[in-house]
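> The following comprises the amino acid sequence and a computationally predicted model.
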Amino acid sequence: KNEVEQSPQNLTAQEGEFITINCSYSVGISALHWLQQHPGGGIVSLFMLSSGKKKHGRLIATINIQEKHSSLHITASHPRDSAVYICAVISNFGNEKLTFGTGTRLTIIP
Amino acid sequence: DTGVSQNPRHKITKRGQNVTFRCDPISEHNRLYWYRQTLGQGPEFLTYFQNEAQLEKSRLLSDRFSAERPKGSFSTLEIQRTEQGDSAMYLCASSLQGSSYTDTQYFGPGTRLTVL
């Protein structure tokens, strides 16, 4: 079992729909990242959070440390949101490396 | 600052050849990370540096792989005697260690390696 699991693996939705991507992890963490990866490889950090909720534009990320679960929400989805969304955690064992989920491929249809 | 840069962006090589990739982090960042991503998978940690010191290496980093960051600025990742299984995207990221050690990592565009 991977330390970081994401669901769904693939998600196709119509433009305007509310999108939720889930991430569960099995280790103690000091922080969790949500990353966006476009075709060609470029990765952009969307959020880093260790508790509660963060919002940036149409993106909202939440984390429940007790349940070891995080969600990424996209409101009013748009075709330009189509990308792979990756959850990654930093464990609280003292090293700083990111452990990644396998990603969720999101396709928004106009 | 233009962010993290990596060169080359693409590399095609024959099995058995050596390859070297370069990563230039954001200038004031003291931490630099190397990750590898194969098709359809999330990235996997390879190694990281704080300044010029290599602090951790993954089990994925066989003895054919070596990484350096000689002056605490740019880093190189060399793969000797490449194998087809080394074909992947090699990603570099950098961060600035602050009062909290959970600093955002900024990623480069990656180097896509194809071993024929």
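Noted; the coordinates are in hand.

> how about A:His73, what does it touch?
A:18-21, A:59-62 (CB atoms under 8 Å, 6 or more residues apart in numbering or on different chains). C-beta coordinates here come from the backbone N, C-alpha and C atoms, glycine included.

> which stretches of the chain have low pLDDT?
Reading this off chain A. A:1, A:41, A:93-95 (pLDDT under 70).

> could you do chain B instead?
Across chain B, the ranges flagged by pLDDT under 70 are B:1, B:98-103.

> Which parts of it are strands?
B:5-7, B:10-13, B:19-24, B:31-37, B:44-50, B:53-57, B:65-68, B:75-79, B:88-95, B:106-107, B:111-115 (DSSP state E).

> is it true that B:Ser94 touches B:Val4?
Yes - between B:Ser94 and B:Val4 there is a contact under CB atoms under 8 Å: 5.5 Å.

> list residues touching both of these two?
Between them, B:Ser94 and B:Val4 share the contacting residues B:23, B:25-26, B:106, judged by CB under 8 Å, 6+ apart.

> Can you tell me which residues in chain B are near chain A?
Residues of chain B found near chain A (CB under 8 Å from any CB of the partner chain) are B:31, B:33, B:35, B:37, B:40-45, B:48, B:55-56, B:58, B:89, B:91, B:93, B:95, B:101-102, B:104-107, B:109-110, B:112.

> Out of the shared contacts of B:Ser94 and B:Val4, which is nearest to A:Gln9?
B:Tyr106 (26.2 Å; CB to CB).

> Once you drop chain neighbours, what's closest to A:Thr107?
A:Thr12 (4.6 Å; CB to CB, 6 or more residues apart in numbering or on different chains).

> Just confirm the one you found is within a strand.
Yes - A:Thr12: assigned to a strand according to DSSP: H, G, I helix; E, B strand; the rest coil.

> Quick one: residues contacting it.
Contacts for A:Thr12 were tallied using CB under 8 Å, 6+ apart; they are A:106-109.

> In PyMOL, select just the buried ones from those.
Applying 16 or more other CB atoms under 10 Å in any protein chain shown to the contacts of A:Thr12, the buried members can be selected in PyMOL as follows:
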select buried, chain A and resi 106+108
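
> Among the contacts of A:Thr12, which lie within strands?
Among these, the members falling in strands (DSSP E) are A:106-109.

> Redo the strands of chain B as JSON lines? Include mean neighbour count and distance to A:Gln66.
JSON lines is the format used below for those (neighbours: other CB atoms under 10 Å in any protein chain shown; distance: least, CB to CB, whole Å):
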{"stretch": "strand B:5-7", "mean neighbour count": "17", "distance to A:Gln66": "38"}
{"stretch": "strand B:10-13", "mean neighbour count": "14", "distance to A:Gln66": "44"}
{"stretch": "strand B:19-24", "mean neighbour count": "19", "distance to A:Gln66": "37"}
{"stretch": "strand B:31-37", "mean neighbour count": "24", "distance to A:Gln66": "29"}
{"stretch": "strand B:44-50", "mean neighbour count": "21", "distance to A:Gln66": "26"}
{"stretch": "strand B:53-57", "mean neighbour count": "14", "distance to A:Gln66": "29"}
{"stretch": "strand B:65-68", "mean neighbour count": "17", "distance to A:Gln66": "37"}
{"stretch": "strand B:75-79", "mean neighbour count": "20", "distance to A:Gln66": "38"}
{"stretch": "strand B:88-95", "mean neighbour count": "24", "distance to A:Gln66": "27"}
{"stretch": "strand B:106-107", "mean neighbour count": "21", "distance to A:Gln66": "30"}
{"stretch": "strand B:111-115", "mean neighbour count": "19", "distance to A:Gln66": "40"}
